[in-house]
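Participant: Dropping the sequence and predicted coords here.
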Amino acid sequence: MRGAGSGLRLDRVVAGPRHFLGLDELDAQTLRSLLDQAVALKRDRKRPDGPGPLAGRELAMIFEKESTRTRVSFAVAMHRLGGETIVLAPEEMQLGRGETIEDTARVLSRYVDAIMIRTDSHDKLLQLAEHASVPVINGLTDRTHPCQLMADIMTFEEHRGAIAGREVAWVGDGNNVAATWLQAAARFGFSLRMACPAALRPDPEIAAWAEANGARVSVTEDVESAVQGADCVVTDSWISLSDDPHTKVVDLLRPYQVDERIMALAGADALFMHCLPAKRGQEVVDAVIDGRQSVVWDEAENRVHAQQAILLWCMAPPSV
């Protein structure tokens, strides 16, 4: 992939749009090239001479779920590349008054150059991509969160080198982010040990796909065995933005809090990751998220760089 200089050609020469829907949709070589581009963009943050490579391009951002990092990081990424963003919420769109996702996709495709959606429904993402004639990017669904994982892999490798062959421990709910770590294990060649309550194990379909595609995965209810000697410990919020905060899930997950004892089992060199927002004192204690092993702020920053690479890939021809 060529750099993000002002000479980058963006005339579309492919028959159909390049969607970024999930790590399982792209091969390891393509994902690696995106990470390489993200690293290069972070290293050389100088504004290009003249218009940026996405000058004149518009990204529509549909938010059916609240957002801080996704909203700001995509807006900053487009701005740094010379493009612009339009933020849309369901209550501000006819989508919120009964217009179909298919019709929304067709209309937005006439106005903008790409669409990012953050939604509860993975099926809605797929319907949008099926009917859009411009690239669609998965900003988060109830099934996966691929942009976050690109930033996470980038962050790990910044601090510890290649992630291939390493041991990553997931602790907590087997949610959409956990499912994407499963996909990442297959694409980037690391081992994934997951500690989850029996009732909150990761999506079995995604777990089966990961193992069929070479991922080394184990799932247990025993937190200590999962984190022992791990190179990285990862967790996420126990209650998603769409969940009832009084759910029994919190009770199930209390034994899965990441504290100093858990990090000590992983080892002095283990990193701690969390995609944020964090419920301090619930899934993680202050001493860990604010401690020397935590790289959560680097993860948050790297969303910008990873998404710059994704935006360029989606809107650029195959030669780029």
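Facilitator: Arrived safely, thanks for sending.

Participant: Can you show me the strands along the stretch 1-150 of the chain?
Facilitator: For the stretch 1-150 of the chain, the strands defined by DSSP state E, counting those that start in this stretch occupy 58-63, 84-88, 114-118, 136-140.

Participant: For this protein, give the helix that spans the most residues.
Facilitator: Secondary structure of the chain per DSSP state H: the longest helix is helix 296-315.

Participant: and the angle from it to strand 136-140?
Facilitator: On the basis of axes from the mean of the first three to the mean of the last three Cα atoms, to 10 degrees, helix 296-315 is oriented at 160 degrees to strand 136-140.

Participant: Give me the below-cutoff pLDDT ranges for this protein.
Facilitator: Confidence mapping of the chain against pLDDT under 70 gives the ranges 1-15, 46-49, 96, 240-246, 317-320.

Participant: Centroid-nearest residue for it?
Facilitator: Taking Cα atoms, centre = their mean, the centroid of the chain lies closest to Q148, which sits 2.0 Å from it.

Participant: Contacts only, for the residue nearest to that one when sequence neighbours are not counted.
Facilitator: For Q148, ignoring the flanking residues on the chain, the nearest one in space by Cβ to Cβ, 6 or more residues apart in numbering is C275 at 4.9 Å. All C-beta spots, glycine's among them, are computed from the backbone N, C-alpha and C. Contacts for C275 (Cβ atoms under 8 Å, 6 or more residues apart in numbering) come out as R69, H145, Q148, D152, V177, D236, E299.

Participant: residue ranges of the helices in the chain, please?
Facilitator: Counting by DSSP H, one finds helices in the chain at the ranges 28-43, 69-80, 101-111, 122-131, 146-160, 176-188, 204-212, 223-227, 249-253, 260-266, 286-289, 296-315.

Participant: Relative to A60, which of these is closest?
Facilitator: Set against A60 and scored by Cβ to Cβ, the helices of the chain come closest in helix 101-111, at 5.3 Å.

Participant: In the closest one, which residues are buried?
Facilitator: I101, T104, A105, L108, S109 (16 or more other Cβ atoms under 10 Å).

Participant: who does that helix touch, helix- and strand-wise?
Facilitator: strand 58-63, strand 114-118, helix 122-131 (3 or more Cβ pairs under 8 Å, 6 or more residues apart in numbering; DSSP states H and E).

Participant: how about a cut-off of 10 Å?
Facilitator: Judged by 3 or more Cβ pairs under 10 Å, 6 or more residues apart in numbering; DSSP states H and E, helix 101-111 is in contact with strand 58-63, strand 84-88, strand 114-118, helix 122-131, strand 136-140.

Participant: can you put these in CSV and add distance to S33 and mean neighbour count?
Facilitator: As requested, these are exported to CSV (distance: least, Cβ to Cβ, whole Å; neighbours: other Cβ atoms under 10 Å):
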stretch, distance to S33, mean neighbour count
strand 58-63, 21, 22
strand 84-88, 24, 17
strand 114-118, 19, 27
helix 122-131, 21, 18
strand 136-140, 17, 27
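
Participant: Any idea which of these gets closest to L35?
Facilitator: L35 lies closest, by Cβ to Cβ, to one member of those: strand 136-140, at 16.2 Å.
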